[in-house]
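Undergrad: Sequence first, predicted coordinates after that:
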Amino acid sequence: MVHVSLESISKVYPNGVRAVQPTSFNIEKGEFIVLVGPSGCGKSTLLRMMAGLEEITEGDLSIAGRVVNDIDPAERDIAMVFQNYALYPHMTVYNNMAYGLRNRGMGKTEIDKAVKEAATMLNLTEYLERRPSQLSGGQRQRVAMGRAIVRSPSLFLFDEPLSNLDAKLRGQMRIEIKALQRRLGVTSVYVTHDQVEAMTMADRIIVLNGGRIEQIGTPAEVYHQPASTFVASFMGAPPMNLLPARYNGNGRVHLSETVHIEAPGQANYSGDIRLGVRPENVGIVGASHPDALRFDLEFVEELGAGRLLHGKVGESGLIVHIPHTDPIPSDEVYVDLPKSALLMFDPATGARL
Amino acid sequence: MAVMTDTDRTVARTGRPVRWSVVIDHAILIAGSLMMILPVFAVFISTSISDVEIYREGLNLSLGPHMAENFDKALFLKGGFTGEITGSSMLINSFILGIGFALGKILIGMTAAYAIVYFRLRFATFAFWIIFTTLLLPLEVRILPTYEVVQGLGLANTYTGLILPLVASATATFFFRQFFLSVPEELVEAARIDGAGPVKFFIDILVPLSRTMVAAIFIIMFVYGWNQYLWPTLITTDESLFTLVRGIKQIIQNLDGANVPEYGRALALAIIAILPPVLVVVIFQSWFVKGLVESDK
């Protein structure tokens, strides 16, 4: 069931800057959508338009079947968690959570019940009488979450809620938010520039670049079948290898004049391409392997769970990820780019062929 | 206890050698403080001696028997041209002016700054600069036209006429504007999502956040209003509206003549006139510092 639908929504600021190109997508009920992209890609603007904090220049936004373009944020049945939490500094945790309910004219006992319930869910019960300034970053984050869930909205909006936390806490809160969303089953839109958050939390990821959608898909789709070189290099750390190559329709990809390998599939295209392969899909092989390519190892990055081998195939840089159980190869190294893991991209448009 | 003090002293002596720069700094500060406090102290002590003695010897630093009597006269003895006003009635007038002025200023400054900062007004910036230029036109500069207007409105010899023209200037608006600009944007947005309209946001969020700012401006404005002399002198001719600062002189003048002037009473009035601003500063300052330490933003 479609819960939120965006139809050719765009944003043009008064100074003429087009922050969001006409964008359309639907969000299913209960789905966790992550908008991801580099800064300035329009992801926050898109979210703020959904919240009603930013006017929609063109297009229609509907939530639960109702067009909400001209409806006040408070009436949209949404809740938002901000990057800097935006807690009311002069109010106790309890009042921070209760404020929105009071403004909606909810009864005292009902408010009390809702707040206590949310506090229990978020382990905030003992902090209800504190001020935000007396809480740690993670606790403040929880209060911001609590303020969102007490209202039991039909849509959660998250604007980079974890970027002010340290790495360890971020990992922990990531899991908590995801678990909470699962439990409550509330449709959520989450904005982040962190591709790890996007990969781990999303049911579907929407990758944005320069105000337009590059790809919509599940984390696995976005990771393994990137629609463009932008997505390929943005998602995943280290990013996908993109080797300049030539494809002339005869089933072979030429990495140089002399080096060529089997093409991943047929494409109605001939000319220069970018050949994409994830570092973990590159195999280290013996010199006798039929598709072995000479790999000039330059340096090794130790990751603990594995290793990154940085080097070159011909003239182009290549990163290879090997498990920590494999020995660090020495002398002459040969790699194999398995056909099934190869993707071809148009170098001019970046689109996958 | 004595033992402890002794060891403390030894520690201080051995642990911290005397630094002459510190000694000199303190000497200068102490000298400065004495320069400011001593005259007031002399005035205070002199309220305890008889008028004749003051007339003969000037201010005195030894305590006499007349202090209570002088303060009593200062506060409750009727005097002035009409013979109807007392020190306490002037004190009340001063409070009305000081508090009315400070509150009026805060109210107008806050609401004006709120409009300028938070509403998309077409000429908001222009309006702000127009308001700002009034800083160049304090009451003293525009005193004749202002008098003309206030008189024309029939507000001479009223509290409104006394307070309102003083309130009209940009200082508070300016301070509140700067403060509001430093309040994070997300707070407004969170409040919007929480269903707080403009009025609710102002009362529930902005005003409580501005507490320390309000305290600071209240201190400054109360003292400024309390010490007004020129405008009250001009606009109040009815003695029942006289403020302390303006009225002390009146009392002495009217009691002058062949008799020895009532110096003791006048000095007591002066002390009474000094006290409220000092108390306001002392009381609000501790509160103000607390607000600064427990920074909310």
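TA: Thanks, I have it. Numbers count the residues shown, from 1 in each chain, chains lettered A, B, ... in the order given.
Undergrad: all contacts plus neighbour counts: C-alpha atoms, from now on.
TA: OK.
Undergrad: where are the low-confidence patches of chain B?
TA: Applying pLDDT under 70 to chain B picks out residues B:1-16, B:80-81, B:251-259, B:287-297.
Undergrad: residues from it in reach of chain A?
TA: Residues of chain B that fall close to chain A, judged by Cα under 8 Å from any Cα of the partner chain: B:184, B:186-187, B:189-196, B:205, B:208-209, B:296-297.
Undergrad: Can you name every helix or strand that whichever helix in chain A runs longest contacts?
TA: For chain A, the longest helix by residue count, based on DSSP state H, is helix A:167-184. Contact here means 3 or more Cα pairs under 8 Å, 6 or more residues apart in numbering or on different chains; DSSP states H and E; on that basis helix A:167-184 packs against helix A:195-201.
Undergrad: and A:Ser256, what is it in contact with?
TA: Contact partners of A:Ser256, counting by Cα atoms under 8 Å, 6 or more residues apart in numbering or on different chains, are A:245-246, A:314.
Undergrad: redo that, cut-off 10 Å
TA: A:244-246, A:313-316 (Cα atoms under 10 Å, 6 or more residues apart in numbering or on different chains).
Undergrad: Also A:Gly100?
TA: A:74, A:79, A:106, A:111, A:147-148, A:150-151, B:190-196.
Undergrad: Would you list the buried entries among those residues?
TA: The neighbour count (16 or more other Cα atoms under 10 Å in any protein chain shown) marks A:74, A:79, A:111, A:147-148, A:150-151, B:190-196 as buried among the contacts of A:Gly100.
Undergrad: Filter the residues you listed down to the ones in helices?
TA: Those of the buried ones among the contacts of A:Gly100 lying in helices (DSSP H): A:111, A:147-148, B:190-193.
Undergrad: Do me a favour and average the pLDDT over stretch A:20-35.
TA: For stretch A:20-35, mean pLDDT is 94.
Undergrad: Quick one: end-to-end length of that stretch, please.
TA: The first and final residues of stretch A:20-35 sit 13 Å from each other (Cα to Cα, to the nearest Å).
Undergrad: go on, stretch A:78-96?
TA: One end of stretch A:78-96 sits 16 Å from the other (Cα to Cα).
Undergrad: Pull up the pairing partners for the helix-or-strand element of chain A with minimal mean pLDDT, direction included.
TA: Lowest mean confidence among the helices and strands of chain A (mean pLDDT, DSSP states H and E): strand A:260-262, at a mean of 83. Strand A:260-262 has the following strand partners under DSSP bridges: strand A:252-254 (antiparallel).
Undergrad: Show residues contacting the strand it pairs with.
TA: Residues from elsewhere that reach strand A:252-254, judged by Cα under 10 Å, 6+ apart: A:244-248, A:259-266, A:272-273, A:275, A:344.
Undergrad: Now do the same contact list for the residue in the stretch 251-353 of chain A that chain B sits nearest to.
TA: Ranking the residues of the stretch 251-353 of chain A by distance to chain B (Cα to the nearest Cα) places A:Gly350 first, at 36.7 Å. Applying Cα under 10 Å, 6+ apart to A:Gly350 gives the contacts A:227-232, A:273-274, A:344.
Undergrad: Reformat the residues you listed as TSV; add distance to B:Phe95.
TA: Compiled in TSV, the contacts of A:Gly350 are given as follows (distance: Cα to Cα, whole Å):
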residue	distance to B:Phe95
A:Ala227	74
A:Ser228	74
A:Thr229	74
A:Phe230	70
A:Val231	70
A:Ala232	73
A:Ile273	84
A:Arg274	81
A:Met344	83
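Undergrad: list the buried ones in stretch A:121-131?
TA: Quick answer for stretch A:121-131 (16+ other Cα under 10 Å): A:122, A:124-125, A:127-128, A:131.
Undergrad: Appreciated, that's everything.
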